[in-house]
Structure formats: C-alpha cells, structure tokens
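Visitor: sequence? don't have it. structure:
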C-alpha cells in the first residue's frame, strides 16, 4: 500500500485551505493503490490554520527536543506536530505501507527541504517531523518531486 499526503491527492487540507494536487498521486488514489494522510489534521489542527515552520533545526531535531515547530504568530505547536507524526506512523504501520509520498517543504512532510524557520520563504536542507519519525521506523519516504512511475519499484 502507498500512503500519500492528502494535499497531493487534491484534498483542501493545506494550512491555507488549498491543495497541492499532483495528478499522478490522485491517479494512485483513484486506482485504490494509495491511502491519504494529513499529519497536521491527525495532530489536531483544522483547515485553514496559521503557517508554521521548524525553528532551530529539522524534524529529527524536533523529535530529539532540540528544535520546535512555531506558528508565524510565535505560538509553539511542537506537540501537535509530534502527535500528528505518531498518528501517521500508526496508520502507515496498520496499512503495511511500502511507499510513502509526502509533500516537500512542509514542517511535517518535507523529505529533503523545509523552510528555515524565519517565515521569509527561504529553504534549508532537512526533513519534517513526520518524515523523520517514519524514517526512524524504517519507512522509505519520498516527495512528489522524486516520484515517478519507477519510484515505487525502486523503493520496494
């Protein structure tokens, strides 16, 4: 089973109430090859919500207690992001996921690039909280940028 970010499947779950539709991902869902997940919603957030970024590191640092996830207004939402990551991990385990495709740049789902925590649109190399937890538990995580028709075969 493939687990994909709900926003990539066309669901309006992003912080601003929009989606990041990727027709390749939506096709997997329509063919019953994939299940959707939104770590932020699983963590207790609603849509829309205030944008958030990781401050002081990346997802691994958040899990290690060395960094935080902060909303643009300054509110610490680290706990919700961690809760969403664990709920996503549980779902991936229950589904027996063999491929996970998550939205790049997200403080939850980024798999190689995230925003730098200054809310200026600048990116750094790093991963989101959910990606970090999934990888710590042996899952292969890629982004929509690395997904192609051969990705699934390469990961399996």
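Guide: Looks like it arrived, so ask away. Keep in mind that this is a model prediction, so the values were computed, not measured. Numbers count the residues shown, from 1 in each chain.
Visitor: mind checking the SS state of residue 87?
Guide: Residue 87 carries the three-state label helix when classified by DSSP: H, G, I helix; E, B strand; the rest coil.
Visitor: pLDDT score for it?
Guide: Residue 87 carries a pLDDT score of 98 in this model.
Visitor: what about the closest residue to it other than its chain neighbours, how many residues nearby?
Guide: Spatially, and ignoring its direct neighbours in sequence, residue 87 is nearest to residue 42 (3.8 Å; C-beta to C-beta, 6 or more residues apart in numbering). C-beta here means a position set from N, CA and C on the backbone, and glycine is covered the same way. Here the number of neighbours of residue 42 (other C-beta atoms under 10 Å) works out to 21.
Visitor: could you do residue 59 as well?
Guide: When neighbours are defined as other C-beta under 10 Å, residue 59 has 31 of them.
Visitor: name all residues that make contact with it.
Guide: 85, 107-108, 110, 114, 126-133 (C-beta atoms under 8 Å, 6 or more residues apart in numbering).
Visitor: ok, and the most crowded of the residues you listed?
Guide: Among the contacts of residue 59, residue 130 has more neighbours than the rest - 35 neighbours, counting by other C-beta under 10 Å.
Visitor: and it, that's in a helix?
Guide: Yes: assessed with three-state DSSP, residue 130 lies in a helix.
Visitor: quick thing: my sequence starts at 57, can you match it?
Guide: All right, first residue 57 from here; so that's residue 186.
Visitor: residue 178 versus that one, what's the distance?
Guide: 21 Å (C-beta to C-beta, to the nearest Å).
Visitor: assign the residue nearest the centre of the chain to helix, strand or coil.
Guide: Per C-alpha atoms, centre = their mean, the C-alpha nearest to the average position across the chain is that of residue 165, at 1.8 Å. Secondary structure state of residue 165, per three-state DSSP, is coil.
Visitor: what's the closest non-adjacent residue to it?
Guide: Going by C-beta to C-beta, 6+ apart, residue 165 has residue 158 as its nearest residue, at 3.5 Å.
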